[in-house]
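[1] have a look at this fold, sequence not included:
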């Protein structure tokens, strides 16, 4: 019997949502770890199930670089929004 694969998700993203399907303000979905089985301790954590462990590993590593770029882009947007808010507050104070 071939074990199923599970990828656990960290961050603000929802495991059930498809990638790239979200609001501008939400954090991107980032894979945390992959496992060949689902333990009782990890049942409540957000995760995705795959038919085989191989599929889960392939998805995990094929998405790693894209996820890094999404996280960097999200952080850059947050920094820009923060700077814009500071400028607005400064202008309102004058």
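    Okay, I see it. Since the structure is predicted, the reported quantities are computational estimates derived from the model, not experimental observations.
[2] quick one: the strands in this structure?
    In the chain, the strands defined using DSSP state E lie at 5-10, 30-35, 47-50.
[3] what sits up against the first one?
    Identification of contacts with strand 5-10 by CB atoms under 8 Å, 6 or more residues apart in numbering yields 15, 29-38, 42, 45-57, 59-60. In short, each C-beta sits where N, CA and C put it, glycine included.
[4] show me what counts as buried in stretch 46-63.
    Using 16 or more other CB atoms under 10 Å as the test for burial, stretch 46-63 gives 46-48, 50, 53, 55-56, 59-60, 63.
[5] out of the strands of the chain, which is the most enclosed?
    Among the strands of the chain, judged by mean count of other CB atoms under 10 Å, the one packed with the most neighbours on average is strand 5-10 (a mean of 19).
[6] in the chain, which residue is most central in space?
    residue 29 (1.4 Å; CA atoms, centre = their mean).
[7] tell me the pLDDT of that residue.
    Reading off the confidence values, residue 29 has pLDDT 79.
[8] distance check, residue 72 against residue 49.
    Distance of residue 72 to residue 49, computed by CB to CB, to the nearest Å: 28 Å.
[9] residue 67 now?
    Plainly put, residue 67 is 19 Å away from residue 49 if you go by CB to CB.
[10] cool, residue 43 as well?
    Residue 43 sits 11 Å away from residue 49, going by CB to CB.
[11] neighbours of residue 45, how many?
    The local packing count at residue 45 equals 15, with neighbours defined by other CB atoms under 10 Å.
[12] could you find the closest non-adjacent residue to it?
    Counting by CB to CB, 6 or more residues apart in numbering, residue 8 is the residue found nearest to residue 45 once chain neighbours are left out, at 5.4 Å.
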